[in-house]
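Engineer: Give me the fold of what follows.
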Amino acid sequence: MLGVVLGLAANASALAQPLAAREVIEALARAGHNSLRPVVVLSGLVVLSGVLAGVQLWMLDRVAERIALGARVALAGRMLRLRLSELDQRPLGDLLSRVTSDTTLLRAAATIGVVESFNGTLALIGTVVLMGVLDWLLLLVTLGVLGVVAIGVLVILPRIARALGRAQAAVGTVGSALERALGAIRTVRASGSEERELAVVTAAATEAYDEGVAAARYNALVGVSAGFALQVTFLAVLGVGGARVASGSLDIATLIAFLLYLFFLIGPITAITLGATQLQAGLAAVARIDEITELDIEQDAPALAPAPSAQPGGEPIVAFERVSFAYRPGQPVLHEVSFCVPAASQTAIVGPSGAGKTTLFALLERFYERSDGTITLSGTPLEAIPRDVLRARIGYVEQEAPVLAGSSRHCAR
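Structural biologist: Here you go, the predicted structure:
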């Protein structure tokens, strides 16, 4: 909000400059009249406008970084709590791109896009009003040319959003393909598959390039249209205004002030165009970010039982009773599995690859929820134990044995 106020103040001081310039011209035209005061006023307005614009830009960049920080931390926190069934269905690289590149687009759209569009719109309205005060006929000439271009820009903007959305999706595919290849780099090199994996990455990168070029083409078209419209408007106003000055129905100082306002329109129109394109990019990023916020995360109901403790002797500490589970409907991995693990014992579960050994431990850790049956820990159903309490009771070592960043001392804390 403070950035908006600063932008409005900067625009107000800039809008007053053509009127101050008219006062300077009229003062110079009157022989013997002191022109120092209007010159000082005009100089002060120029300096004030520049200082306010600089402070506003610094504030917006600072707020933009804070927005990006909040979005990245929130997304990372949610991804770390997503159900494994959700993570299994999505490439890791695509998820990472939403935290990195998508939040970067959100950073610009949430500050520069919104504020520039808002301030640019108000500055445009203020300029049009003051142009109407100076001369309504020249204003009609200006609006007639600019209105035609505005219609074309409104048609192009949705296409920019669609192209940027597809480009971001392709960037996610690039990350996924590269992450998969680097994760299995030894296998890739041992089998001589570098070129094949590179072809996959190149295809995704090419798609991102094509969509990015399409968005750039639309952006260029918008920019060229705005610039061309202002040039045509300047020539039309100069012709009509010059004819009226020659006929005596318009004084030269008013024509110069009107032309200054016309040049001032470049700023608001550029701000609106930039803000609109940034907003379209931001909307595409928000749509991808929202997909993550709508995914299911692990959530515990209030604890239904106290934390279980190990039982002495031969009492079972872990019991599976007619447990069934399927990663995909109609493709069961476990079917009515029952067994007990006594306390203070060593138990091995053996079987061929794909028999479901890892799945048993995934169900015990509640990475997934069993389809049917009951799993208990020291006689307490797993659903009655909060996940953090349950997992604190179990030492879990993955088959791949991944190594996380940090020292043993840090992890022990």
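Engineer: what's the spacing between residue 253 and residue 22?
Structural biologist: Residue 253 sits at a distance of 5 Å from residue 22 (criterion: CB to CB, to the nearest Å). In this view, the C-beta of every residue, glycine as well, is placed from N, C-alpha and C.
Engineer: okay, those two: which has more neighbours?
Structural biologist: Set side by side, residue 253 and residue 22 show unequal neighbour counts under other CB atoms under 10 Å, the larger going to residue 22 at 22 against 19.
Engineer: Could you pull up the residues touching the more buried one?
Structural biologist: Contacts for residue 22 (CB atoms under 8 Å, 6 or more residues apart in numbering) come out as 253, 254, 256, 257.
Engineer: how's the protein carved up into domains?
Structural biologist: 2-293, 316-401 (automatic domain parsing).
Engineer: What ranges in the stretch 201-350 of the chain fall below the confidence cut-off?
Structural biologist: Counting by pLDDT under 70, the ranges of the stretch 201-350 of the chain that qualify are 300-316.
Engineer: Please enumerate the helices of it.
Structural biologist: Listed in chain order, the helices of the stretch 201-350 of the chain (DSSP state H, counting those that start in this stretch) span residues 252-264, 266-293.
Engineer: Report all helices and strands that the longest one contacts.
Structural biologist: In this case it means helix 266-293. Using 3 or more CB pairs under 8 Å, 6 or more residues apart in numbering; DSSP states H and E as the contact criterion, the elements in contact with helix 266-293 are helix 36-79, helix 92-108, helix 114-134, helix 136-183, helix 194-247.
Engineer: hmm, 10 Å instead?
Structural biologist: Other helices and strands packing on helix 266-293, by 3 or more CB pairs under 10 Å, 6 or more residues apart in numbering; DSSP states H and E, are helix 2-29, helix 36-79, helix 92-108, helix 114-134, helix 136-183, helix 194-247.
Engineer: hey, which of those is tucked in deepest?
Structural biologist: helix 92-108 (a mean of 21; mean count of other CB atoms under 10 Å).
Engineer: Show the average pLDDT along that one.
Structural biologist: For helix 92-108, the mean per-residue pLDDT is 77.
Engineer: Reformat the helices and strands packed on helix 266-293 as TSV; add distance to residue 317.
Structural biologist: Converted to TSV, the helices and strands packed on helix 266-293 look like this (distance: least, CB to CB, whole Å):
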stretch	distance to residue 317
helix 2-29	60
helix 36-79	33
helix 92-108	35
helix 114-134	57
helix 136-183	35
helix 194-247	45
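Engineer: contacting residues for residue 75?
Structural biologist: Under the criterion of CB atoms under 10 Å, 6 or more residues apart in numbering, the neighbours of residue 75 are 95, 96, 98, 99, 100, 102, 103, 289, 292, 293.
Engineer: and of those, the nearest to residue 218?
Structural biologist: Ranking the contacts of residue 75 by separation from residue 218, with CB to CB as the measure, puts residue 102 on top at 19.7 Å.
Engineer: So which of the contacts of residue 75 is the closest to residue 221?
Structural biologist: When the contacts of residue 75 are compared for distance to residue 221 (CB to CB), residue 102 wins out at 24.8 Å.
Engineer: Surely the closest one is in contact with residue 283?
Structural biologist: No. The pair residue 102 and residue 283 does not pass the contact test of CB atoms under 10 Å, sitting 11.2 Å apart.
Engineer: Show the contacting residues for the most centrally placed residue in the chain.
Structural biologist: Among the residues of the chain, residue 106 comes closest to the average C-alpha position under CA atoms, centre = their mean, at 2.7 Å. By CB under 10 Å, 6+ apart, residue 106 lies in contact with 64, 67-68, 70-72, 98, 113, 281-286, 288-289.
Engineer: Kindly recompute the last result at 8 Å.
Structural biologist: Neighbour list for residue 106: 67, 68, 71, 282, 285, 286, 289 [criterion: CB under 8 Å, 6+ apart].
Engineer: Would you mark the buried spots in stretch 375-395?
Structural biologist: Buried residues in stretch 375-395, counted by 16 or more other CB atoms under 10 Å: 375, 376, 377, 378, 382, 383, 384, 385, 386, 390.
Engineer: about what we covered before: now the two most distant members of the contacts of residue 22.
Structural biologist: Looking at the contacts of residue 22 by CB to CB, the two members farthest from one another are 254 and 256, with 7.4 Å of separation.
Engineer: Quick one, which of the helices of the stretch 201-350 of the chain gets closest to residue 44.
Structural biologist: Put simply, out of the helices of the stretch 201-350 of the chain the one that sits nearest residue 44 is helix 252-264, at 16.7 Å, with distance taken as CB to CB.
Engineer: Please list the residues outside that closest one that contact it.
Structural biologist: The set of residues that contact helix 252-264 without belonging to it, under CB under 8 Å, 6+ apart, is 14-15, 17-19, 21-22, 25-26, 29, 127, 130-131, 134-135, 138, 142, 230, 233-234, 237-238, 241-242, 244-245.
Engineer: related to what we said a few turns ago, for residue 152, find the nearest of the helices of the stretch 201-350 of the chain.
Structural biologist: helix 266-293 (11.8 Å).
Engineer: Show me which positions of the closest one end up buried.
Structural biologist: 267-286, 288-289, 292.
Engineer: For burial, what's the neighbour tally of the residue lying closest to residue 84 once chain neighbours are set aside?
Structural biologist: Once its chain neighbours are removed from consideration, residue 84 has its nearest residue in residue 367; the separation is 4.7 Å (CB to CB, 6 or more residues apart in numbering). Here the neighbour count serves as a burial measure; for residue 367 (other CB under 10 Å) it reads 18.
Engineer: Doesn't residue 367 lie inside a helix?
Structural biologist: No. The assignment for residue 367, made by DSSP: H, G, I helix; E, B strand; the rest coil, is coil rather than a helix.
Engineer: what's the nearest residue to residue 88 if we skip its chain neighbours?
Structural biologist: Residue nearest to residue 88 in three dimensions, not counting chain neighbours: residue 327, with 7.3 Å by CB to CB, 6+ apart.
Engineer: separation between the one you found and residue 352?
Structural biologist: Shown here: residue 327 relative to residue 352, a distance of 18 Å by CB to CB.
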